[in-house]
Structures are given as C-alpha cells and as structure tokens.
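*Asks:* Got a predicted model here, sequence first, then my questions.
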Amino acid sequence: MTTDARPETDDLLWRQLKSLPAFRALLRAVEARFYPYIPLPEPALDVGCGDGHFAQMTFPGRTVTAGIDPWWGPLRKAVRTGQYGLPVQALGDRLPFADAHFVSAFSNSVLEHIPDIQPVLNEVSRVLRPGARFVITTPSHYFTEYLGGAAFFERLRLNGLAGRYRSFFNTISRHAHTDSPETWAGRLAAAGFAVERWQYYFSREALRALELGHAQGLPSAVLHALTGHWIVAPWASSLGPTERWVRPFYEEEAALDAGAYLLLIARKRANGPIPVHLPPPRPLPVGEINQPRIFTDLADKDGLK
C-alpha cells in the first residue's frame, strides 16, 4: 500500500507505525535504532525471528544468514520476506547448526518469553565462534514496577489488585522473565558470555504509553485476524496524531539507573561457564541515530569479519 509520508520523515518510527499497532511500533522502533551502531557480521543468526518484520525494518537491503523460530505460522511470513538466507523452524535449545558456525547473533524481545532460558543461551553459545557478539533486548525488573494500572491501584491502597494487575499484564505480554541486568549477566556467564556493554531504555512514561496502547490496539488485532494487516490506513494524514504522541518517547534519552527494558551486548569468551562480568551501563546516544556509525569500542577485536 502507498503512503503519503514524506521521505524526510519516513524514519524508523514512521516505518513501524505504518505496519504495526502504535504500542508495538514504538517499542520496535526504539529497539531498531540500536542496531546500526552494533557490528553483527555474517554469518549471523536471528534467535526467534518470528515473521521477519523486525529484521525487515531494521536491516533493509540485508539478508540475514539464518533465522529460527518454533512457530510455523509466523515463520511462513518470514520465508516470504526473503529476509533470511535460511529460515528454519527450530527450538532455541536444539539448534540445527554445527558448533561455532556463526560469528554473531541477536535476539530481539524474544528470550523473556522462554521459561527455561539457560539451555537456549547455552545452545546459542555452542553455535557461535569464540569472540562472537550476541545482542539481546528484553524487559527489565522495572517493567512491572512502572505499570500505570498497578500504580493506580496502589494509590487507592488496593495492593492486592495492583499485584494481580502486574501478573495479568505479564500474562498478556507472555513474559516468563522480567529480570535485572545482574540476573542476565549471570545467565550469560553460565553460557560462556561476558557482557560487553549494556543499557536501560524505555522510561516509565514510555511504558505507560505502551500500556495504554495495548487497549487501543484491540481493533488492530481484529483487523489483523481478518486481513493479515495491522493498519488499515497507513498514511501520514491518519497516523499523524499517533506519531506526535509517541515520538517524544522514541527520541528520549536513556537513563543510566532505570528503564523498563534492557539492551545487552555480550561476547562469547568460552565454551562453558566463566566469571560473571557486568560493566557499568553505557547507553548508546540517540541524537545521531539517523546517521548510523559503528562505535570504536564496539568494533570487532577478535578478527571476526
């Protein structure tokens, strides 16, 4: 479908808004802006590729070596995108690849949905070469704390209802984990990864916009079930109010001390457990996000191309 968005405004946020409900578009756009800064050389593996939409938006013109997902329905859509050289139906703890096959991997907002996560991290480590980078985005331990519905019940001193609301929202979000960076660093170290760089992202206010967007996204869910499309009118004229609402959250600076989500950039250092390593947080700057460049301190130091 054509749109009337002007080329100069057709950035990551606009591209997501034209194809996804606003709450999901905002989060995916924020996450997509990280990747131009992070070297992910081929052969690369997308762990939990889903329908391939995120990779399409994030890596235009690039074919990712392989993408795996356990669900055939979304994977069929990923096949049609042509985004992956090899889209494969597989479980994360049973990857159909040889040892040390890949030189990078990423998993975008996927691992939080897997209850038994350690075998998956171990298996990703197995198929990565020593020195390979593994990039993860996932909800943090602040996710449920920041929920506006829970805060509303707490203001009424209905703490039981606040707790149930948090459980409910995690359930509809299909979260098995909303954990701290220390917890993830421990899991990664058990699989032979050292955290190279990490940050929080998505403020309390951004999460509450996402929370509100879940309810507003119900018509989009019905539309998607009937037509396969999330957005019926992907034009700047119809999406303008939504774009103006969510853009401040897309452009917000990351905080060092808190955020509803985590970006973790790790390196494989061994084929088994290593000491836990978690450096101080260092957010990627967002001000230059439309001028992608690779940071010197994230350049490959292990001879990986």
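*Replies:* Thanks, I have it.
*Asks:* Checking residue 126 next. Helix, strand or coil?
*Replies:* Recorded secondary structure, residue 126: helix (DSSP: H, G, I helix; E, B strand; the rest coil).
*Asks:* ok, how many other residues are close to it?
*Replies:* Residues contacting residue 126 under the criterion other CB atoms under 10 Å number 17. C-beta here means a position set from N, CA and C on the backbone, and glycine is covered the same way.
*Asks:* That one and residue 96: what is the separation?
*Replies:* If you measure residue 126 against residue 96 using CB to CB, to the nearest Å, the figure is 12 Å.
*Asks:* Leaving out chain neighbours, which residue sits closest to residue 27?
*Replies:* Leaving aside its sequence neighbours, residue 27 sits nearest to residue 210 (CB to CB, 6 or more residues apart in numbering; 6.1 Å).
*Asks:* hang on, the one you found in a strand?
*Replies:* No. Counting by three-state DSSP, residue 210 is not found in a strand; it is helix.
*Asks:* Please tell me I have it right and it contacts residue 23.
*Replies:* Yes. Contact criterion CB atoms under 8 Å: residue 210 and residue 23 qualify, at 4.5 Å.
*Asks:* Would you mind telling me which of the two has more residues around it?
*Replies:* Shown here are residue 210 and residue 23; by other CB under 10 Å, residue 210 has more neighbours (25 against 20).
*Asks:* What score does the more buried one have for pLDDT?
*Replies:* Here the pLDDT value assigned to residue 210 is 88.
*Asks:* Distance check, it against residue 275.
*Replies:* 35 Å.
*Asks:* Residue 256 too?
*Replies:* Counting by CB to CB, the gap from residue 256 to residue 275 is 24 Å.
*Asks:* higher neighbour count, the two?
*Replies:* The neighbour comparison of residue 256 against residue 275 (other CB under 10 Å) goes to residue 256, with 11 against 7.
*Asks:* per-residue pLDDT, that one?
*Replies:* pLDDT, residue 256: 90.
*Asks:* And it, how close does it get to residue 283?
*Replies:* In terms of CB to CB, residue 256 sits 7 Å off from residue 283.
*Asks:* Over to residue 15?
*Replies:* 23 Å.
*Asks:* Could you do residue 162 as well?
*Replies:* Residue 162 is 30 Å from residue 283, by CB to CB.
*Asks:* what about this structure, any weak spots by pLDDT?
*Replies:* Along the chain, segments meeting pLDDT under 70 span 1-9, 213-238, 286-305.
*Asks:* can we see that at 80?
*Replies:* Within the chain, the segments meeting pLDDT under 80 span 1-10, 20-21, 213-240, 285-305.
*Asks:* mind giving me the domain ranges of it?
*Replies:* With domains defined by automatic domain parsing, the chain comprises 7-143+178-284, 144-174.
*Asks:* end-to-end on stretch 59-76?
*Replies:* With CA to CA, to the nearest Å as the measure, the first residue of stretch 59-76 is 19 Å from its last.
*Asks:* Please apply the same query to stretch 54-69.
*Replies:* 13 Å.
*Asks:* how about that stretch: buried residues?
*Replies:* Residues 54-59, 64-69 are the ones in stretch 54-69 that count as buried (16 or more other CB atoms under 10 Å).
*Asks:* Flag every buried residue along the longest helix along the chain.
*Replies:* Using DSSP state H, we find that the single longest helix of the chain is helix 236-251. By neighbour count on 16+ other CB under 10 Å, the buried set for helix 236-251 is 236, 239, 242-243, 246-247, 249-250.
*Asks:* and the two most separated of the residues you listed?
*Replies:* Maximum pairwise distance among the buried residues of helix 236-251 (CB to CB): 18.8 Å, between 236 and 249.
*Asks:* all strands in the stretch 201-305 of the chain, in order from the N-terminus.
*Replies:* Applying DSSP state E, counting those that start in this stretch to the stretch 201-305 of the chain gives strands spanning 261-268.
*Asks:* can you give me the helices for it?
*Replies:* Under the criterion DSSP state H, counting those that start in this stretch, the stretch 201-305 of the chain carries helices at the ranges 204-216, 218-227, 236-251.
*Asks:* by contact count, what packs against the last one?
*Replies:* Think helix 236-251. Packing contacts for helix 236-251, counted by 3 or more CB pairs under 8 Å, 6 or more residues apart in numbering; DSSP states H and E, involve helix 12-17, helix 22-32, helix 204-216.
*Asks:* In this structure residue 201 contacts residue 256, no?
*Replies:* No. Using CB under 8 Å, residue 201 is not in contact with residue 256; the gap is 11.2 Å.
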